[in-house]
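Trainee: Model the structure of this input:
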Amino acid sequence: MPWMCETKKFKSKPAMRFTEYVVLESVDKATDPLGFRRPAGVLQDMLFPQFTVLTLRPVYLSSLCGILDKLADETFKAQQLSQRFRALEIYWGIANASVNSSIINVTKYQRLLREQISLDGIPKRHPIYQRLSYGTLGHYSSAALRWGLVESNGYTPTPLGHELAVAFASRNRARRFDDALANWRDNHVVSQGDFEQAGKHYGLDARVSRGESDIWRQLIDNWCKKNPRVEPLWRAPPELQTLQTGFANAVAYQTFWTDAGQQYDGLATELTAIARFERLAAATQFVLDLHIASLEYGDTFRGVMPQGADAFAADVTALADAYVTAPAFHDSRRLFASIAQATGDFAALTRCVVDHHIDHQTAKGTSPIVDHDKLLVSGRVNLDTLKDALAIFDNTSDGAAAQLGGLQYHYRRQWHFEKCRNWHDWAFPQAETVQ
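Mentor: Coordinates of the predicted model:
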């Protein structure tokens, strides 16, 4: 469908883009004190560039295409897109909230639940209209673009995007999603019961339709043709049981990475780089956390060293050397390259990490947390996390390698294997789960 706009000048403007939100559960992670977010993102993109922290489930993309498809018949300016999208997204959000699905912004949608409600009955200054980029459009526009569901402008559905919208809208032919959006847009009153019916058929927990599965098989085929190296991951992603078992404890986590390297041997370079990066990031984050704690909580942490500290540091140095000399190496302002050249004792490792932290924070215009032996910012260490990390050294008798493995599991990152599995299952569902 063509995008209708008020002026031709609008079409020549650059495509709209939204910030990719990263929701972090603690202050110490939110500050990114060692600059790992960028290299971790580059490494993750070698496997799954279409996923972010908040691309949770494929049905969001069905909804996104359905709403964009409906907006394609409307006339408005580019800067109004996010507001218009949110107005229609509210319908889907309330429908999800009515059946207790945990959608983005669910608390705000739950507060809108009424016996009956219309679009104009929601004040324009209602909190649901705040932070418009925090929602389906903001979080999934990048994914939709990478999957080929929207054109390069970011808002016009491609032919496959339109087909996905139609397939999604047809889950319940007696109560089509696009018809419901039209009624909502036209300010028809919607009852609680109607929302519950919509949530039952179009909500996050509703069954995928055959049409949607067919389209996702095509999208995955297209992705594999363009990215043949990752095709084995998409043809046979790790089973959910494998993922659950592999993420159960530190030993199982190491086995997961070993097994993955064997199962997807064509991706051995990428998988090895990711595992080494995660291991090094965990070790250096621990070293920084311990140094900060020694300054902020001196009575508890002053002079505290992990058991076998120098052997641990030597292993970190050797791992850094192996990482920086191998393919697919990505660093954070030469942190790992510097560690690879260090003397291999714990004091030298700490100096490298703290020097890097100061340079990284200064370069981005933010105060460092510490300046070697001086605390500059308080409240940036999660003490429970640090105590659990120190316990790894006390409870591990298998040497520095096992300690590194324990830290890797303790500070593990999100690499999206389970999302690949979920998307695959969406495209190839069991017969009884398909409408």
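
Trainee: what are the ranges of the strands in the stretch 151-300 of the chain?
Mentor: 190-191 (DSSP state E, counting those that start in this stretch).

Trainee: which residues of the protein score low on pLDDT?
Mentor: Residue ranges of the chain with pLDDT under 70: 1-30, 396, 431-435.

Trainee: Strands of the stretch 1-150 of the chain, start to end?
Mentor: Here the stretch 1-150 of the chain has its strands, by DSSP E, counting those that start in this stretch, at 116-117.

Trainee: where do the helices sit along it?
Mentor: With helices called from DSSP state H, counting those that start in this stretch, the stretch 1-150 of the chain shows them at 27-30, 37-45, 59-71, 81-98, 106-110, 136-147.

Trainee: Which one, of these, ends up nearest to Y297?
Mentor: helix 27-30 (13.7 Å; Cβ to Cβ). No exception for glycine: its C-beta is placed from N, CA and C like everyone else's.

Trainee: Flag every buried residue along stretch 159-177.
Mentor: 160-172, 176-177 (16 or more other Cβ atoms under 10 Å).

Trainee: brain fart, stretch 184-197
Mentor: Buried residues in stretch 184-197 (16+ other Cβ under 10 Å): 184-185, 190, 194-197.

Trainee: now for those, which pair is the farthest apart?
Mentor: It's R185 and E196 that sit farthest apart of those, by Cβ to Cβ, at 20.2 Å.

Trainee: Farthest pair within the buried residues of stretch 159-177?
Mentor: Spatial extent of those (Cβ to Cβ) is set by the pair L160 and N172 at 21.9 Å.

Trainee: so where's the longest helix in this structure?
Mentor: Counting residues, the longest helix in the chain under DSSP state H turns out to be helix 268-296.

Trainee: what comes up buried for it?
Mentor: For helix 268-296, by 16+ other Cβ under 10 Å, it's 270-296.

Trainee: From P39, how far out is the spatially most central residue of the chain?
Mentor: Geometric centre of the chain, nearest residue: V53, 1.0 Å, by Cα atoms, centre = their mean. Distance of V53 to P39, given as Cβ to Cβ, to the nearest Å: 16 Å.

Trainee: same deal with L81?
Mentor: Distance from L81 to P39, by Cβ to Cβ: 33 Å.

Trainee: now K124: how far from A87?
Mentor: Distance from K124 to A87, by Cβ to Cβ: 10 Å.

Trainee: Compare neighbour counts for the two and give me the winner.
Mentor: A87 (21 against 8; other Cβ atoms under 10 Å).

Trainee: where along the stretch 301-435 of the chain do the helices fall?
Mentor: Under DSSP H, counting those that start in this stretch, the stretch 301-435 of the chain gives helices at 309-324, 335-340, 346-363, 383-395, 400-410, 417-427.

Trainee: closest to Y202 out of these?
Mentor: helix 417-427 (14.8 Å).

Trainee: Just want the angle from that closest one to helix 136-147.
Mentor: Orientation check (axes from the mean of the first three to the mean of the last three Cα atoms, to 10 degrees): helix 417-427 against helix 136-147 gives 80 degrees.

Trainee: Give me the buried positions along helix 417-427.
Mentor: 417, 419-427.

Trainee: Please apply the same query to stretch 56-76.
Mentor: Of the residues in stretch 56-76, 56-72 count as buried by neighbour count, 16+ other Cβ under 10 Å.

Trainee: and F428, what does it touch?
Mentor: Applying Cβ atoms under 8 Å, 6 or more residues apart in numbering, we find F428 in contact with 213, 217.

Trainee: ok, back up a step: on contacts alone, who are the packing partners of the longest helix of the chain?
Mentor: helix 37-45, helix 250-263, helix 298-301, helix 309-324, helix 335-340, helix 346-363, helix 383-395, helix 400-410 (3 or more Cβ pairs under 8 Å, 6 or more residues apart in numbering; DSSP states H and E).

Trainee: Could I get the ones you listed in TSV, plus columns for distance to Y129?
Mentor: Output for the helices and strands packed on helix 268-296, formatted as TSV (distance: least, Cβ to Cβ, whole Å):
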stretch	distance to Y129
helix 37-45	29
helix 250-263	42
helix 298-301	46
helix 309-324	46
helix 335-340	42
helix 346-363	35
helix 383-395	36
helix 400-410	40
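
Trainee: As CSV, those helices with mean neighbour count and distance to P228 would be great.
Mentor: Output for those, formatted as CSV (neighbours: other Cβ atoms under 10 Å; distance: least, Cβ to Cβ, whole Å):
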stretch, mean neighbour count, distance to P228
helix 37-45, 17, 16
helix 250-263, 16, 17
helix 298-301, 12, 50
helix 309-324, 21, 26
helix 335-340, 23, 29
helix 346-363, 19, 36
helix 383-395, 15, 39
helix 400-410, 22, 29
